[in-house]
Structures are given as structure tokens and as C-alpha cells.
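Novice: Sequence first, then the predicted structure, then my questions.
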Amino acid sequence: MATLNESLDNLMTTDGAICAALVDANSGMCLGTAGNAASFDLDIAAAGNTEVVRSKLKTMSALGIKESIEDILITLGSQYHIINPVTQHSGLFFYVVLDRAKSNLALARRRTADVSTALAI
């Protein structure tokens, strides 16, 4: 089991990692951050992505889908954004921003899932 800081540091070792955060989906607030988010405000990103998670959960409920979200991937021209709910801590998710040209998406998704599973709060 890893602490929050260890988890965020681990995510930042992912090739192409720009920044990472652990977000409380109930409040939309960052519980911890790492990396260089000079190009955008991680607090605003956390709040906005909280709405993405809530919307997806609401849609899944309306459709009668009984599964859980493994991750949500948003691809931009120059970046990947990974949202990974922390299974053992309902209401929390990791948010990771990657430079698309420097990252391997499959490895980044795997590392994010591994870090999420090992989080101890």
C-alpha cells in the first residue's frame, strides 16, 4: 500500500507525465497534486472532470449498467487525460495528464490502474 504522495510521485514517473492529482468526486477538490501544471489550473480541471465522472455514472445508472468505471480517457491533439476511479475509496479518482508525443497510452493506463489499486489513505 502506498501513501498519497508516493502514489502521485509514482504517476509522475510515467513517460510523458505532465501532472497528476487525486480528486474528491463529491466536492470536486484536489486532495493532492504533483507535477508541472503551469499550462492549466489543476483545481479547475479537477472540478470539471468531477462533472465528467458524475455524468457518466448517471448515464450508466439510467441505462441499467451495473459495472464500474475502469477509466475514462480524453484525447486531445497534444495530450492524453486519464481519469481513474479509486475502487477501494468510493468518490475518489486519479487524474493524470500526459504529453501525447512522449507517452505510451497503454503503459500509462496500466500504471494509473496499479497506483489506484495500491493507494492507502
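Specialist: That came through, no problem. Numbering: from 1, shown residues only.
Novice: Quick check: bridge partners of the residue most central in space within the chain?
Specialist: Central residue of the chain (C-alpha atoms, centre = their mean): Tyr95, 2.2 Å from the mean position. Taking DSSP bridges as the rule, Tyr95 bridges to Ala21, Ile83.
Novice: for the one 4 residues further on, same thing?
Specialist: Here Asp99 shows beta-bridge partners Gln79, assigned using DSSP bridges.
Novice: Buried residues, the longest helix seen in the chain. List them.
Specialist: The longest helix of the chain (DSSP state H) is helix 42-62. Judged by neighbour count (16 or more other C-beta atoms under 10 Å), helix 42-62 contains these buried residues: 42, 45-46, 49-50, 52-53. Just so you know, the C-beta spots here come from the backbone N, C-alpha and C atoms, and that holds for glycine as well.
Novice: Which member of those is positioned nearest Thr87?
Specialist: Val53 (13.4 Å; C-beta to C-beta).
Novice: Next one: the residue nearest to that closest one when sequence neighbours are not counted from Asn10, what distance?
Specialist: In space, and not counting its chain neighbours, Val53 is closest to Ala25: 5.2 Å by C-beta to C-beta, 6 or more residues apart in numbering. For Ala25, the distance to Asn10 equals 21 Å [C-beta to C-beta, to the nearest Å].
Novice: where does this protein dip in pLDDT?
Specialist: The model of the chain has pLDDT under 70 over residues 37.
Novice: Who are the contact partners of the residue nearest to the centre of the chain?
Specialist: Contacts here follow C-beta atoms under 8 Å, 6 or more residues apart in numbering; on that basis Tyr95 touches 20-23, 42, 45-46, 49, 81-84.
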